[in-house]
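Visitor: Pasting a predicted model and its sequence here:
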Protein chains: 2
Amino acid sequence: MPASAPRVRRSPCPVARTLDLIGDRWTLLLIRDFFRGAERYRDFATAPEGIPTNILAERLARLSVAGVIESTAPADGSRHRAYRLTPKGRALGRVLAEMRDWGLTWEKGTRVLAGLEPAKP
Amino acid sequence: MPASAPRVRRSPCPVARTLDLIGDRWTLLLIRDFFRGAERYRDFATAPEGIPTNILAERLARLSVAGVIESTAPADGSRHRAYRLTPKGRALGRVLAEMRDWGLTWEKGTRVLAGLEPAKP
DNA sequence: GACAATACTTGTGAATTGCAAGTACCATCG
DNA sequence: CGATGGTACTTGCAATTCACAAGTATTGTC
């Protein structure tokens, strides 16, 4: 069970290193869901793209190891964990916003989900 | 055979659609290389991360189909094509810049490659 | 024309993915 | 108190994708 093996660091380029961590089709969608208010496992599992649960669990573990998210006991006292973005993870909001804007501009038929609208200036 | 099969569109979310296209560990590195001045096959093949050549060829084909890059066939019919970013591809520079800045801020030991320095204000 | 370089393609095993099913834990209902 | 149901995972497996090596067909240079 290679649960969340750290990926190789391919080069010291900051773009390459960022992609080593979040360069796949699912990780940034999880970050997106955090910005929509997701906190618990099922919040991510029920997102419209339908992430497989084994991948969800693996990504949550990887992001925890990387310090992008942290898991805490939820406010309601239940034993189920809640996940939250760290400052490092919150900083990914800028990357996410650029991807959203690029998709809206260049890909036909895209529309933002509730809670992710571009900020009004 | 299945040269550059279009990926599924998982949802109308612009972030998801962008990731459907560029959500892997190599594609944005190619875009980065374009911004460094790369134009031809070997320019990408010799980048420090060492992309496998079959993946390089497949990604160039996929990005062409998506309208992110275009290849100029020389008038004499020679095989040495040059690839170039389209406006759609150039717009990805903003995503790239945010990834670069995030990596520089949050990942230890990263340093930008020549030709990718943050713009001076 | 010989020879190296360029731009790929093909083959193969390893790793990762997507889907389904199963497990463990807790809460509540009857 | 046992049954039922939801949450949060883990496991198994087929299929896809990946990385690495090697091969091929042109092209540029001498």
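Guide: Structure received.
Visitor: Name the SS class of the residue nearest to the spatial centre of chain A, please.
Guide: Taking CA atoms, centre = their mean, the centroid of chain A lies closest to A:Ile31, which sits 2.1 Å from it. Classification of A:Ile31 by DSSP: H, G, I helix; E, B strand; the rest coil places it in helix.
Visitor: In contact with it, which residues are there?
Guide: Applying CB atoms under 8 Å, 6 or more residues apart in numbering or on different chains, we find A:Ile31 in contact with A:22, A:68, A:85, A:89, A:92-93, A:96. In short, each C-beta sits where N, CA and C put it, glycine included.
Visitor: again, only this time at 10 Å
Guide: Going by CB atoms under 10 Å, 6 or more residues apart in numbering or on different chains, A:Ile31 touches A:22, A:38, A:59, A:63, A:68-69, A:85, A:89-90, A:92-93, A:95-96, B:15.
Visitor: could you measure it against A:Ala97, distance?
Guide: Here A:Ile31 is placed at a distance of 11 Å from A:Ala97 (CB to CB, to the nearest Å).
Visitor: Do you have the strands of chain A handy? List them.
Guide: Along chain A, counting by DSSP state E, strands occupy A:69-72, A:82-85.
Visitor: Would you single out the least confident of those?
Guide: For the strands of chain A, the weakest mean pLDDT is recorded on strand A:69-72, namely a mean of 90.
Visitor: Can you show me the CA trace of that one as PDB?
Guide: Backbone C-alpha positions of strand A:69-72 (Å, rounded to 0.1, in the frame of the first residue of the first chain) are rendered in PDB as follows:
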ATOM      1  CA  ILE A  69      -4.500  21.200   4.100                       C
ATOM      2  CA  GLU A  70      -5.000  20.100   7.700                       C
ATOM      3  CA  SER A  71      -7.600  17.900   9.400                       C
ATOM      4  CA  THR A  72      -9.300  18.900  12.600                       C
END
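Visitor: Surely A:Ile51 touches A:Arg32?
Guide: No: using CB atoms under 10 Å, A:Ile51 makes no contact with A:Arg32, being 11.4 Å away.
Visitor: Good, we can wrap up now.
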